[in-house]
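Visitor: here's a sequence, model it:
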Amino acid sequence: MRLVVLRVLFVGGLLAIFAEQANLFASDFDGEELYKRAINSCVFIVANDSRTGDVWSGSGTLVDAKKRLVLTNYHVVGKLQYVYVMFPMFDRRGEMLTDRAEYKKIIEDGKAIKAKVLCSSTEKDLALIELEYLSKEAKSIPIANKSPGPGAAIHSIGNPGASKLLWVYTPGSVRQIGVENYMIGNPRTPIGRFEINCKIINTNSLVNPGDSGGPLLNKNGELVGVTHAGSKDDSISKFIDISEVYAFLRENKITLTNEYNMATRPSTPPKETLPIESKETPKSEPKDPPKIQPTTPVVSDEERRAELKLKVAKSLNNEGQKRDKLLDIIRVFPNSSAAKEAKKILATLKD
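Guide: Numbers count the residues shown, from 1 in each chain. Model (predicted):
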């Protein structure tokens, strides 16, 4: 079987309670130390579309060892139900094998780990896959509690098709971060062309096809993004921000068991119960409803994105395309005001 990296320049945010685990991950790792700590959380992914005969590869990150869950890009798995995964292999002396040909042989012999695609999002270019089993060295990646900022040092690990070697390390720094909306992909490939609308980290680090889905790490070795796309022309590489990973897991009702992930804890810590010292305390309660503040940022973000998609849908003249966009809004943002309006518009369209 011949591996072919897609010609599309695709390549590639869960929060950690690092105060309690400070002894496990000291700050300011150098690149070599960070790489050693992170490499057993990285995977090489091979996708094989039996219908078309197309074969392509990418990268991913183990985010939950107990549930055997790996995070990657939508464009790495596409619309497939299953893909194949390999962790780094080591020789008898404990030296890591990096020759792509050795991994290719394992795949051709049918000995790679089979993984089921659980869920994916084209808008976020994210996917979560469940592995049948793990290698004995595999471990979950620790996950950051915030997005990186401009100037922050970052590190990525991937499997670029341009290299005969796997598990390639790349350092860099953040140039800017923000929400971006654009079309990406090639309709002539198995993945096709799709719309991106999410928070993107822009860096100056080099990214190549095959790096897709791999981890972007901060100086503490924590996951802050997922490798998404790159451009050699303007020296900007793009990564899906860690906040979008949290949103993706919430939308698909996925809870991670990794004890370092804030996804296993309440999004907002419960308020302390204070003793009532005067009659004025009950009077202040109605002015500050405890349920409003935790949900305000999430609703605001969801509403903003839903309204943007609704605006696009309204601008379409083709009723078939408009119907698909409206149905997508209802599916992805079911509780939004935009979804309610989308239902009303759908009722006016001809069947």
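Visitor: the bottom helix or strand of the chain by mean pLDDT?
Guide: Using mean pLDDT, DSSP states H and E, the weakest-scoring helix or strand in the chain turns out to be helix 280-284, at a mean of 38.
Visitor: for residue 303, helix, strand, or coil?
Guide: Classification of residue 303 using DSSP: H, G, I helix; E, B strand; the rest coil returns helix.
Visitor: quick check: it touching residue 335?
Guide: No: using CB atoms under 8 Å, residue 303 is not in contact with residue 335, being 9.5 Å away. Where you see a C-beta, it was placed from the backbone N, CA and C, and this is true even at glycine.
Visitor: if you count surrounding residues, which of these two has more?
Guide: residue 303 (16 against 10; other CB atoms under 10 Å).
Visitor: residue ranges with poor pLDDT in the stretch 251-351 of the chain?
Guide: 258-301, 350-351 (pLDDT under 70).
Visitor: how about the helices of the stretch 201-350 of the chain, start to end?
Guide: With DSSP state H, counting those that start in this stretch, the ranges of helices along the stretch 201-350 of the chain come out as 242-251, 280-284, 292-315, 319-332, 337-348.
Visitor: which of those sits closest to residue 171?
Guide: Residue 171 lies closest to helix 242-251 among those, at 18.5 Å (CB to CB).
Visitor: ok, and what's touching stretch 335-351?
Guide: With contacts defined as CB atoms under 8 Å, 6 or more residues apart in numbering, stretch 335-351 is touched by 302-303, 306-307, 309-310, 313-314, 319, 322-323, 326-327, 329-330, 333.
Visitor: who wins on neighbours among those residues?
Guide: The most crowded member of those, judged by other CB under 10 Å, is residue 329 (27 neighbours).
Visitor: quick one: that one from residue 186, how far?
Guide: 26 Å (CB to CB, to the nearest Å).
Visitor: residue 325: neighbour count?
Guide: 20.
Visitor: ok, it - contacts?
Guide: Per CB under 8 Å, 6+ apart, neighbours of residue 325: 309, 312-313, 316.
Visitor: any idea which strand is longest in this structure?
Guide: When the chain is parsed with DSSP state E, its longest strand is strand 168-186.
Visitor: run the angle between that strand and helix 242-251 for me.
Guide: Comparing the axes of strand 168-186 and helix 242-251 via axes from the mean of the first three to the mean of the last three CA atoms, to 10 degrees yields an angle of 60 degrees.
Visitor: give the partner strands of strand 168-186 in its sheet and their orientations.
Guide: strand 153-158 (antiparallel), strand 192-203 (antiparallel) (DSSP bridges).
Visitor: most packed of those strands?
Guide: Highest mean neighbour count among the strands paired with strand 168-186 (mean count of other CB atoms under 10 Å): strand 153-158, with a mean of 23.
Visitor: quick one: mean pLDDT over that strand.
Guide: Averaged across strand 153-158, pLDDT comes to 97.
Visitor: with stretch 229-249 instead?
Guide: For stretch 229-249, the per-residue pLDDT averages 90.
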